[in-house]
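J.: only the shape, not the letters, is given here:
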């Protein structure tokens with residue numbers, strides 16, 4: 001994939017999107033005019049202690065139990081979980097327009113829910129990632145999409161410009177600062193812990209200190225991508241700006257697509273993080289046979305295409321997907337079954 005300054009390649013998308021964001025239709029971000037649509041549900045995670053139950057809630061009333069639990073540092077089982085499994089765990093109904101918070105029945109205002117939703121077996125559920133289809137699932141989806149276009153090696157890939165640290169900007173602080181959250185590298189002793197705390201405090205003050213650096217002038221803060229891309233044209237869609245790259249969906253079907261991605265985060269890798277890259281926000285082939293949209297506020301990815309493509313995605317056992325109608329409401333209140 002290579003960056004392109006010719007963002008006019010995406011003009012046709014703008015013509016098919018709803019400019020009025022007062023409605024709840026998915027066509028604010030997903031183009032109209034396709035015969036069929038598929039919704040691919042982002043996988044969530046759940047965890048629970050392997051050898052004991054969670055301490056009781058709320059935290060404030062059981063602070064001692066939580067301190068003892070954290071001091072014991074028990075092993076925690078963590079696993080991926082589908083939306084259908086989650087619905088069964090909470091006795092709710094999985095359906096094409098389901099919304100996660102309705103499936104788990106989570107009320108953030110309830111003190112007994114402040115640690116996140118839990119099922120009867122003690123599993124605690126984390127939200128599916130919004131705007132980010134995990135790399136392996138995207139690879140599977142891309143493989144299916146490649147079979148439903150005449151131009152699998154040619155097309156466009158857009159990435160939302162608002163992801164933290166992706167592009168440079170003019171400001172008084174860097175795009176991001178990496179803090180060391182663990183004291184393992186400090187040797188585990190009091191001196192090492194104190195040194196670590198001092199180091200993190202220094203980083204925190206270096207990012208923004210308006211009291212001691214009141215005359216500091218804004219300057220260019222580089223991002224993950226080269227300055228040429230950060231300062232270049234962007235594909236402007238209603239309420240969203242994207243950086244545009246030329247490339248075919250066949251590249252995304254390769255197992256190592258993240259390592260060859262132009263927006264691969266090499267800076268994080270220097271600090272011990274595994275190779276990775278944000279999933280694309282919008283992808284389409286040169287023949288415009290379909291469009292994939294991972295909207296930043298959606299915990300699912302939408303594919304617009306023909307009926308055969310949608311059937312292929314829905315029938316693929318590696319995916320959790322469902323057909324949705326044109327004009328589907330995927331907003332917070334769109335789930336009318338699990339009200």
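T.: On my side now, so go ahead. It should be emphasised that the depicted structure is a prediction, and the values quoted were computed from it without experimental measurement.

J.: helix or strand for residue 157, which one?
T.: Here residue 157 sits within strand 155-160, counting by DSSP states H and E.

J.: that strand pairs with which strands, parallel or anti?
T.: Strand 155-160 pairs in its sheet with strand 240-246 (antiparallel), strand 282-285 (antiparallel), by DSSP bridges.

J.: what would these look like in a markdown table with mean neighbour count?
T.: Where you see a C-beta, it was placed from the backbone N, CA and C, and this is true even at glycine. Below are the strands paired with strand 155-160 laid out as a markdown table (neighbours: other Cβ atoms under 10 Å):
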| stretch | mean neighbour count |
| --- | --- |
| strand 240-246 | 20 |
| strand 282-285 | 25 |
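
J.: so can I have a markdown table of those showing mean pLDDT?
T.: Listed next are these as a markdown table, based on pLDDT from 0 to 100:
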| stretch | mean pLDDT |
| --- | --- |
| strand 240-246 | 96 |
| strand 282-285 | 98 |
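
J.: for residue 99, which of those strands is the nearest?
T.: Distance to residue 99, taken as Cβ to Cβ, is lowest for strand 240-246 among those, at 21.1 Å.

J.: thinking again about what came up before, rebuild the strands paired with strand 155-160 as CSV, extending it with distance to residue 53.
T.: Listed next are these as CSV, based on distance: least, Cβ to Cβ, whole Å:
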stretch, distance to residue 53
strand 240-246, 43
strand 282-285, 44
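
J.: which stretch among the ones you listed comes nearest residue 223?
T.: strand 240-246 (10.3 Å).

J.: quick check: next helix or strand after the closest one?
T.: helix 249-252.

J.: do you have the helices of the protein handy? List them.
T.: 11-15, 63-72, 83-89, 100-104, 135-146, 190-207, 227-230, 249-252, 266-270, 307-315 (DSSP state H).

J.: leaving out the residues flanking it, which one is nearest to residue 66?
T.: Spatially, and ignoring its direct neighbours in sequence, residue 66 is nearest to residue 55 (4.9 Å; Cβ to Cβ, 6 or more residues apart in numbering).

J.: you'd agree that neighbour is up against residue 63?
T.: No. When contacts are counted by Cβ atoms under 8 Å, residue 55 is not listed as touching residue 63 (9.4 Å).

J.: so which of these two has more stuff around it?
T.: residue 55 (17 against 11; other Cβ atoms under 10 Å).

J.: distance check, the more buried one against residue 158.
T.: 45 Å (Cβ to Cβ, to the nearest Å).

J.: for the residue nearest to the spatial centre of the chain, give me its contacts.
T.: With the centre of the chain defined as its mean C-alpha position, the nearest residue by Cα atoms, centre = their mean is residue 132, 2.6 Å away. Contacts for residue 132 were tallied using Cβ atoms under 8 Å, 6 or more residues apart in numbering; they are 42, 278, 279, 294.

J.: ok, residue 233 next?
T.: 5, 6, 7.

J.: what's the neighbour count on the first one?
T.: By the criterion of other Cβ under 10 Å, residue 5 has 11 neighbours.

J.: and for the one 4 residues further on?
T.: Close neighbours of residue 9, defined as other Cβ under 10 Å, add up to 16.

J.: where's the closest residue to it other than its chain neighbours relative to residue 247, distance?
T.: Closest residue in space to residue 9, ignoring its immediate chain neighbours: residue 156 at 5.3 Å, by Cβ to Cβ, 6+ apart. Plainly put, residue 156 is 7 Å away from residue 247 if you go by Cβ to Cβ.

J.: so for the two, which sits in the more crowded spot?
T.: residue 156 (27 against 23).

J.: surely the more buried one and residue 244 touch.
T.: Yes. Using Cβ under 8 Å, residue 156 is in contact with residue 244, at 5.9 Å.

J.: anything in contact with each of the two?
T.: Joint contacts of residue 156 and residue 244 (Cβ under 8 Å, 6+ apart) are 4, 9, 10.

J.: and the last one, what does it touch?
T.: The reference is to residue 10. By Cβ under 8 Å, 6+ apart, the neighbours of residue 10 are 156, 158, 235, 237, 242, 244, 282.
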